[in-house]
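>>> 3D, please:
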Amino acid sequence: MDDQNKNLILATALSFIVILVWFVLFPPPEPEVQLDTDSSAELTPGATTGSLPSVTSDVPDAVTTDTNTREAALEAAPRVEISTDRVSGSISLLGGRIDDLSLKGYRETQEEDAEIVTMLSPVGSPEAYYALYGWAAGAGVDPTAVPGPNTEWSLTNGSVLGVGAPITLSWDNGAGLSFTRQIEIDENYMFSITQSVANTSNATVSMAPYGILARHGEPTDLKNFFILHEGVVAMADGELTETNWDDMPDFVFSEREGARAEVTQVEQNGWIGFTDHFWMSTLIPAPGSAFKSVAKYDERRDIYQAETVLPAQTVAPGTTITATTQLFAGAKEWETIRNYQSGGVDRFIDSIDWGWFFFLTKPIFWLLHYLNQIIGNMGWAIIGLTLIIKAILLPLAFKSYVSMAKMKELQPQMEKLKEEAGDDRQKLQQGMMELYKREKVNPAAGCLPILLQIPIFFSLYKVIFVTIELRHAPFFGPFQDLSAPDPTSFINLFGLLPFDSPEPGSIMALIFIGILPLLLGISMWLQQKLNPAPTDPTQQMIFAWMPWVFMFMLGGFASGLVVYWIANNTITFMQQYMIMRSQGYKPDVFGNILGSFSKKSKPDAK
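Residues are numbered from 1 along each chain as shown. You can find the predicted model right below:
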């Protein structure tokens, strides 16, 4: 076996190992599990400075009824409508909760009549998920003197919350403290909440403003995929922290917090919230503010909380204090989040899960995003991205293919060395090394482009799977979601027969692959035909099966990734053909194809 074939076998083996390790580390998503949660669990006010509404407190009788439906829960309290071009929903006057929010630009499925994505839901509905704000009473202040999650506010300004149309809620405790809450929303997904306290009593009081995000039970649509982070995401003075849902029950129980909690003191800049596959809610104190960041889980009620607690403020008689914070609740759109970061939200772009290869995933997505803006089609943008990546790697590919062409020229001398060395492997290796050194050939050069493609492949897979820009992104014809597997199938002749393709992820879908995986296998097979088949029967078998094994292994991947791999193979074929021709070696592609159907391989053509 000559060294060139050894290197090709090594590259093949490495590729198989990487794919196998990939499937072990990144198994397919597990089936969704419906959780039986107590959706009637409610938050009630705390009693001391920095002690927030506790998930362990008893629930007032007036709000313990489990309505079981979202519609009934929405009717359980008076509301103020939210309406912008991008979101719709309402704010409950009970607690002033932001607990009803839907995203107009996104639907649950690609069906025309599919429901728009629901982001937040009120207490009493399945999977309650909401934001609330308030004041934690300071030492010596009666907890009932400050508004809490169950306080009924009055609408004193505005009628519908919209862009440029804020609303104001107010509540008076009847003992000299008057509270107001102004809520604004921008043209995307950012709320601004300004809380004020006016003291008309004769006593000085202190209290701490807070914000809370609460989720009742784990989300039922979890992907449970190693490549994707779902759960708490937080930034504290430049340090990003990600905590999965199933790690929160392992927090140490905190008497002060009244639940299992992880507390971080942020000195200047930070935020905390919950992130899903494509959606996120985040509490964002004003830049430069110190605050306490808390991730909390109450195992008795099965409620998850993310909290921000600002330092306590003193309110002297006749004075007013104010605290302004922000709430992001919406889609994790790269450009939108980047604009918020430019506006002062520290490192907000890191809320998108870029993964370990962030130094590749970030620039790859940046380039893909702008190519899509120019071209207007994500499928063609992926092909354009492939062209650019291949152009960047061309100098290395050139050296590699030149080396492969020279190896072909050295084939007769290598065969002669084998005959002279016989069974003396040491003599053969020495002769080979002298030959490579004399002819200035690096036998390992052919492996480098393949090895470099591996991190690029993984990074692009991360980008396609994680970013919302690829969700439901169309290419052409049946390929209307590049983040999903190929929807076509051989079983119905790629849509020509009048019945559906197998369910994606099923065994039938794996066997009866679509047209994109088939094109992938053909492109790999044609790329092999640039060189004659190896004479060794074992090598022949490995190379004969490799394209078709990869075809089935990659068939269940996102179709956008398969498009990339087809484009990569096609461009590689053209590059290698032209470079080998430039070096005086004319690949006999047609002859090699015919040779693959005969028992004997054709000799090299020059």
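
>>> Can you tell me the centre-most residue of the protein?
With distances taken as CA atoms, centre = their mean, Val466 lies nearest the centre of the chain, 2.6 Å away.

>>> For Tyr129, see how far away that residue is.
Distance of Val466 to Tyr129, given as CB to CB, to the nearest Å: 21 Å. (Glycine included, C-beta is placed from N, CA and C.)

>>> Show me where this structure has its helices.
Along the chain, counting by DSSP state H, helices occupy 3-25, 70-74, 334-342, 358-375, 378-392, 394-409, 411-421, 425-439, 448-466, 507-511, 515-528, 537-553, 559-582, 589-595.

>>> What are the buried residues along the fourth one?
I take that to be helix 358-375. Across helix 358-375, burial judged by 16 or more other CB atoms under 10 Å covers 360-362, 364-365, 367-369, 371-372.

>>> And for that helix, what's in contact with it?
334-335, 354-355, 378, 381-382, 384-385, 388, 455-456, 459-460, 462-463, 467, 469, 473 (CB atoms under 8 Å, 6 or more residues apart in numbering).

>>> Alpha carbons only: can I get that helix in PDB?
Only the C-alpha atoms of helix 358-375 are listed here, as PDB (Å, rounded to 0.1, in the frame of the first residue of the first chain):
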ATOM      1  CA  PHE A 358     -17.500  30.800  18.800                       C
ATOM      2  CA  PHE A 359     -14.400  32.200  17.000                       C
ATOM      3  CA  LEU A 360     -15.700  30.400  13.900                       C
ATOM      4  CA  THR A 361     -19.500  30.400  14.400                       C
ATOM      5  CA  LYS A 362     -19.700  34.200  14.900                       C
ATOM      6  CA  PRO A 363     -17.900  35.200  11.700                       C
ATOM      7  CA  ILE A 364     -19.500  32.400   9.700                       C
ATOM      8  CA  PHE A 365     -23.000  33.600  10.800                       C
ATOM      9  CA  TRP A 366     -22.000  37.300  10.200                       C
ATOM     10  CA  LEU A 367     -21.000  36.400   6.600                       C
ATOM     11  CA  LEU A 368     -24.000  34.200   6.000                       C
ATOM     12  CA  HIS A 369     -26.400  36.900   7.300                       C
ATOM     13  CA  TYR A 370     -25.100  39.600   5.000                       C
ATOM     14  CA  LEU A 371     -25.000  37.200   2.000                       C
ATOM     15  CA  ASN A 372     -28.600  36.400   2.700                       C
ATOM     16  CA  GLN A 373     -29.400  40.100   2.800                       C
ATOM     17  CA  ILE A 374     -27.700  40.600  -0.600                       C
ATOM     18  CA  ILE A 375     -29.000  37.500  -2.300                       C
END
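
>>> May I see the buried residues of stretch 395-407?
Across stretch 395-407, burial judged by 16+ other CB under 10 Å covers 397-407.

>>> Can you give the distance from that stretch to the centre of its chain?
Stretch 395-407 sits 37 Å away from the centroid of its parent chain (CA atoms, centre = their mean, to the nearest Å).

>>> Dump it to CSV, restricted to CA.
The C-alpha coordinates for stretch 395-407 follow below in CSV (Å, rounded to 0.1, in the frame of the first residue of the first chain):
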residue,chain,number,x,y,z
PRO,A,395,-3.8,28.3,-1.2
LEU,A,396,-3.7,25.3,1.1
ALA,A,397,-5.8,23.3,-1.3
PHE,A,398,-3.5,24.2,-4.2
LYS,A,399,-0.5,22.8,-2.3
SER,A,400,-2.4,19.7,-1.4
TYR,A,401,-3.6,18.9,-4.9
VAL,A,402,-0.2,19.7,-6.4
SER,A,403,1.3,17.3,-3.9
MET,A,404,-1.3,14.6,-4.9
ALA,A,405,-0.4,15.2,-8.6
LYS,A,406,3.3,14.7,-7.9
MET,A,407,2.5,11.6,-5.9
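
>>> and the closest residue to Ile272 other than its chain neighbours, what is it in contact with?
Leaving out its chain neighbours, the residue that sits closest to Ile272 by CB to CB, 6 or more residues apart in numbering is Ala234, at 4.0 Å. By CB under 8 Å, 6+ apart, the contact list for Ala234 reads 240-243, 264, 270-273, 293, 295, 306.

>>> any idea how far Ala234 is from Ile468?
Taking CB to CB, one finds Ala234 at 21 Å from Ile468.

>>> Then Leu410?
52 Å.

>>> quick one: contacts for Gly140?
Going by CB under 8 Å, 6+ apart, Gly140 touches Val205.

>>> Could you do Lys332 as well?
Lys332 touches 275, 278-280, 351-352, 467-468, counting by CB under 8 Å, 6+ apart.

>>> Low-confidence regions, the stretch 401-550 of the chain specifically.
Along the stretch 401-550 of the chain, the model assigns pLDDT under 70 to residues 404-405, 408, 442-450, 499, 504-506, 509, 531-537, 539-540.

>>> measure Ile383 to Leu371 for me?
Counting by CB to CB, the gap from Ile383 to Leu371 is 9 Å.

>>> about what we covered before: the residue nearest to Ile272 pairs with what?
Per DSSP bridges, the residues bridged to Ala234 are Thr241, Ile272.

>>> With distance to Ser92 as extra columns, can I get the helices of the chain in JSON lines?
As requested, these are arranged in JSON lines below (distance: least, CB to CB, whole Å):
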{"stretch": "helix 3-25", "distance to Ser92": "43"}
{"stretch": "helix 70-74", "distance to Ser92": "8"}
{"stretch": "helix 334-342", "distance to Ser92": "26"}
{"stretch": "helix 358-375", "distance to Ser92": "37"}
{"stretch": "helix 378-392", "distance to Ser92": "39"}
{"stretch": "helix 394-409", "distance to Ser92": "59"}
{"stretch": "helix 411-421", "distance to Ser92": "78"}
{"stretch": "helix 425-439", "distance to Ser92": "76"}
{"stretch": "helix 448-466", "distance to Ser92": "33"}
{"stretch": "helix 507-511", "distance to Ser92": "44"}
{"stretch": "helix 515-528", "distance to Ser92": "47"}
{"stretch": "helix 537-553", "distance to Ser92": "50"}
{"stretch": "helix 559-582", "distance to Ser92": "40"}
{"stretch": "helix 589-595", "distance to Ser92": "69"}
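
>>> returning to what we had before: cross the contacts of Lys332 against strands and list the overlap.
Counting by DSSP state E, the part of the contacts of Lys332 found in strands is 275, 279-280.

>>> The stretch 201-350 of the chain: strands as residue ranges?
205-216, 231-236, 239-244, 253-254, 259-266, 270-275, 279-285, 291-298, 303-309, 313-315, 320-331 (DSSP state E, counting those that start in this stretch).

>>> ok, of those strands, where does mean pLDDT dip lowest?
Here the lowest mean pLDDT among these goes to strand 253-254, at a mean of 90.

>>> And for that strand, what's in contact with it?
Contacts of strand 253-254 (CB under 8 Å, 6+ apart): 259-261, 263.

>>> Go again with 7 Å.
Residues outside strand 253-254 that contact it (CB atoms under 7 Å, 6 or more residues apart in numbering) are 260-261.

>>> Can you list the strands that it pairs with?
Per DSSP bridges, strand 253-254 is paired in its sheet with strand 259-266 (antiparallel).

>>> buried set for the strand it pairs with?
So for strand 259-266, counting by 16+ other CB under 10 Å, buried means 259-264, 266.

>>> Could you do stretch 517-531 as well?
517-521, 523-531.

>>> one step back: and the strands of the stretch 201-350 of the chain: which comes nearest Thr156?
strand 320-331 (15.5 Å; CB to CB).

>>> Can you list the neighbours in contact with the closest one?
With CB under 7 Å, 6+ apart, strand 320-331 has contacts from 87, 98, 101, 103, 106, 119-120, 131, 188-198, 209, 211, 278-286, 308, 310, 313, 315, 340, 468.

>>> what angle do it and strand 270-275 make?
Between the axes of strand 320-331 and strand 270-275, defined by axes from the mean of the first three to the mean of the last three CA atoms, to 10 degrees, the angle is 40 degrees.

>>> Return the distance of strand 320-331 from the chain's centre.
25 Å.

>>> Can you list the strands that it pairs with?
strand 190-199 (antiparallel), strand 279-285 (antiparallel).
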